[in-house]
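Engineer: The following comprises the amino acid sequence and a computationally predicted model.
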Amino acid sequence: IWSSLGGYVNSSPSVIVDSQGKSEAWVIGGDNALWANIDGSWLGAGGILTSEPFAAEDYNGRIHVLARGGDYAVWDYIYDPANASGHWLGLGGYVTEALTAAMDPANHNIMRIAAKGGDNALWTCDLDINEETSSWIAQGGIITSRPFLMFDPSGREHILVRGGDNALWDKNGVWSGSVYTRTWSPLGGLLANKPIATIQPGVSDHIAVFVKGGDNALWMCDVNSASNPETSAWYGFGGSIHSDPFAVADLSWNKIYTF
């Protein structure tokens, strides 16, 4: 059943269910500011955005909405659903694409943010969610899409990008107890745009990466992150798609839905 939420938006939504059980859809409004539709009610958060927002929840139950500002730096709108209030935090940097982020399962105070820098390389920002301080780390490479960051059930870090060769690459990291050891893994394929990934329900060491292929069809890369070096297998699902795919894992039924 379709339901109209009204408003006037200039971006795709980033949707998340918060700690209060409410659905939050974060978008760029017609005024280029950040807006959220929270269970049917609109909230204006201000700012000037030049990339689509990305919403992620931290271990304290707060929502971090990350976007590129008018100064091309990274800005974080930190929203507390418990008291329905928020504030902006500038994280610096210089980025040329939208952002993704995820909480680090090995360091519960760190939210890791992945970005394409002004030098076309991959950069990560470690945000301390308690102190609200941040530090940037250059990860190298030449990337031609927004990165997608996730952690698999075994705790391995994956930062998936389209490389300069239009193939899929993974900057995968393993936590040693004190530091991440990160390695670039070429996974092949021919991507027409940015990747998105999800865990594979019931499988601890595989992730599923979905892309729009060079033939405009939907493709999935099955990545075995336990192998050394990391290996992959590609599967074509056909169709003719005109947007980036979106994928979500349904853990209760061991299924993945791709839209």
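Structural biologist: Great, that's in hand. Numbering: from 1, shown residues only.
Engineer: If we go by neighbour counts, what in stretch 99-116 is buried?
Structural biologist: 99-106, 110-116 (16 or more other Cβ atoms under 10 Å). No exception for glycine: its C-beta is placed from N, CA and C like everyone else's.
Engineer: so how far is that stretch off the chain centroid?
Structural biologist: Relative to its parent chain, stretch 99-116 has a centroid offset of 9 Å by Cα atoms, centre = their mean, to the nearest Å.
Engineer: what's the answer for stretch 245-252, then?
Structural biologist: Using Cα atoms, centre = their mean, the offset of stretch 245-252 from its chain centre is 14 Å.
Engineer: Would you mind measuring the gap between the ends of it?
Structural biologist: 22 Å (Cα to Cα, to the nearest Å).
Engineer: So which bits of that stretch are buried?
Structural biologist: Within stretch 245-252, the residues that qualify as buried are Pro245, Ala247, Ala249, counting by 16+ other Cβ under 10 Å.
Engineer: cool, and stretch 187-197?
Structural biologist: For stretch 187-197, burial by neighbour count (16+ other Cβ under 10 Å) applies to Leu187, Gly189, Leu191, Ala192, Asn193, Lys194, Pro195, Ile196, Ala197.
Engineer: now do stretch 84-99
Structural biologist: Buried residues in stretch 84-99 (16+ other Cβ under 10 Å): Gly86, Leu89, Leu91, Gly93, Val95, Thr96, Glu97, Ala98, Leu99.
Engineer: now the buried residues of stretch 187-197 as CSV including secondary structure?
Structural biologist: Shown next, in CSV, are the buried residues of stretch 187-197 (DSSP: H, G, I helix; E, B strand; the rest coil):
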residue, secondary structure
Leu187, strand
Gly189, coil
Leu191, strand
Ala192, coil
Asn193, coil
Lys194, coil
Pro195, coil
Ile196, strand
Ala197, strand
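Engineer: Any chance of CSV for those, columns distance to Trp35?
Structural biologist: Shown next, in CSV, are the buried residues of stretch 187-197 (distance: Cβ to Cβ, whole Å):
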residue, distance to Trp35
Leu187, 36
Gly189, 35
Leu191, 31
Ala192, 29
Asn193, 25
Lys194, 23
Pro195, 27
Ile196, 23
Ala197, 27
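Engineer: re the thing from before, just flag the most distant two among the buried residues of stretch 84-99.
Structural biologist: Using Cβ to Cβ, the two most remote members of the buried residues of stretch 84-99 are Gly86 and Thr96, lying 25.8 Å apart.
Engineer: Go ahead and confirm His87 touches Asp76.
Structural biologist: No. The pair His87 / Asp76 is not scored as a contact, 9.3 Å apart, by Cβ atoms under 8 Å.
Engineer: how close does the spatially closest residue to Thr144 that is not a sequence neighbour sit to Thr124?
Structural biologist: Once flanking residues are discounted, Thr144 sits nearest to Arg162: 5.0 Å by Cβ to Cβ, 6 or more residues apart in numbering. For Arg162, the distance to Thr124 (Cβ to Cβ, to the nearest Å) stands at 17 Å.
Engineer: do Asn107 as well
Structural biologist: As judged by Cβ to Cβ, Asn107 and Thr124 stand 13 Å apart.
Engineer: Let's check: the centremost residue of the protein is which one?
Structural biologist: When Cα atoms, centre = their mean is applied to the chain, the residue found nearest the centroid is Thr100 (3.0 Å).
Engineer: Find me the pLDDT at that residue, would you?
Structural biologist: On pLDDT, Thr100 comes in at 97.
Engineer: Can you tell me who it pairs with across the strands?
Structural biologist: Beta-bridge partners of Thr100, counted by DSSP bridges, are Ala114.
Engineer: unless I'm mixing things up, it is touching Ala114, no?
Structural biologist: Yes. Using Cβ under 8 Å as the test, Thr100 is close enough to Ala114 to be in contact (5.4 Å).
Engineer: Between the two, which contacts overlap?
Structural biologist: Taking Cβ atoms under 8 Å, 6 or more residues apart in numbering as the criterion, Thr100 and Ala114 both touch Pro147, Phe148, Leu149.
Engineer: Fine, thanks again, bye for now.
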